[in-house]
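> Turn this into a model:
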Amino acid sequence: MSIELWAARLERPLTDRETAELLRLLPEERRQRLERLKQPEKRREPLCAYLFLRRALWEQYRWRDLPEIRLSSFGKPYFPDHPDVHFNLSHTAGAVLVALSDRPVGADIEHIRPVSQRAMRRLADVGTERAFFQSWVRREALAKRSGTGVGTMLSAEEPLRPGEQFYLLDTFPGYVAGVATRGGGPPGPVRKYTL
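Below you'll find the predicted structure:
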């Protein structure tokens with residue numbers, strides 16, 4: 001299977017009823033984690049990411065529910081009962097991205113926002129915010145694919161290792177997104193939604 005992708009642009013807040021319904025659909029650990037957020041408005045993007053993960057799993061495998069999700073020692077989520085199904089979620093202000101594959105995959109989406117010239121030069125050696133976020137998305141997607149943790153992202157951008165692939169994705173205006181894998185072919189088209 002190639003990398004399958006779902007992206008959603010979130011243009012309104014969730015109602016209390018929608019939030020409660022989405023929380024109800026999550027595995028217990030995920031639900032408790034989101035309920036602990038001190039700012040309820042911060043639940044929208046992660047809840048919608050899990051909604052689209054459910055949709056992706058239904059479309060690909062006809063699974064009705066999210067299976068148990070565990071985290072590796074570096075925080076990479078996985079399905080312990082389905083080791084051949086790999087996924088990755090990303091969310092940023094106003095958008096989510098979900099990737100499914102038969103091999104480890106990393107995905108990231110970022111809203112392009114102001115970044116100081118100093119930070120752009122120090123972290124990515126670039127001069128525009130778009131270029132900065134393209135570099136950031138590449139590093140985050142690669143770190144999430146490998147499962148090494150995002151702490152490795154602050155070092156200089158490195159060339160791809162043998163077998164690694166990274167693809168920039170066309171999602172929404174004002175956003176940069178990408179997906180990383182090792183082996184396999186390029187991703188399929190991004191399924192885009194607006195909520």
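
> Secondary structure element holding residue 89?
strand 86-92 (DSSP states H and E).

> contact partners of that strand?
Here strand 86-92 makes contact (CB atoms under 8 Å, 6 or more residues apart in numbering) with 45-46, 48-50, 53, 56, 77-79, 96-111, 140, 144-145, 175, 177, 179. For the C-beta atoms, the positions are set from N, CA and C on the backbone; glycine is no exception.

> Please pick the buried ones from these.
Buried members of these, counted by 16 or more other CB atoms under 10 Å: 45-46, 48-50, 53, 56, 77-79, 96-101, 104-110, 140, 144-145, 175, 177, 179.

> Now, those residues that are in strands?
Among the buried ones among the contacts of strand 86-92, DSSP state E puts 77-78, 96-101, 105-110, 175, 177, 179 in strands.

> contacting residues around the closest residue to residue 60 other than its chain neighbours?
Distance criterion CB to CB, 6 or more residues apart in numbering; nearest residue to residue 60, sequence neighbours excluded, is residue 100 at 5.8 Å. Residues in contact with residue 100 (CB under 8 Å, 6+ apart) are 1, 3-5, 56-57, 60, 85-87.

> let's see 6 Å
Residues in contact with residue 100 (CB atoms under 6 Å, 6 or more residues apart in numbering) are 4, 56, 60, 87.

> how close does it sit to residue 184?
Residue 100 is 12 Å from residue 184, where distance means CB to CB, to the nearest Å.

> do residue 118 as well
Distance, residue 118 to residue 184, using CB to CB: 38 Å.

> okay, these two: which has more neighbours?
Taking neighbours as other CB atoms under 10 Å, residue 118 and residue 184 compare with residue 184 leading, 15 against 8.

> Per-residue pLDDT of the more buried one, please?
Here, the pLDDT recorded for residue 184 equals 76.

> tell me the SS of it?
Under the three-state scheme (DSSP: H, G, I helix; E, B strand; the rest coil), residue 184 adopts coil.
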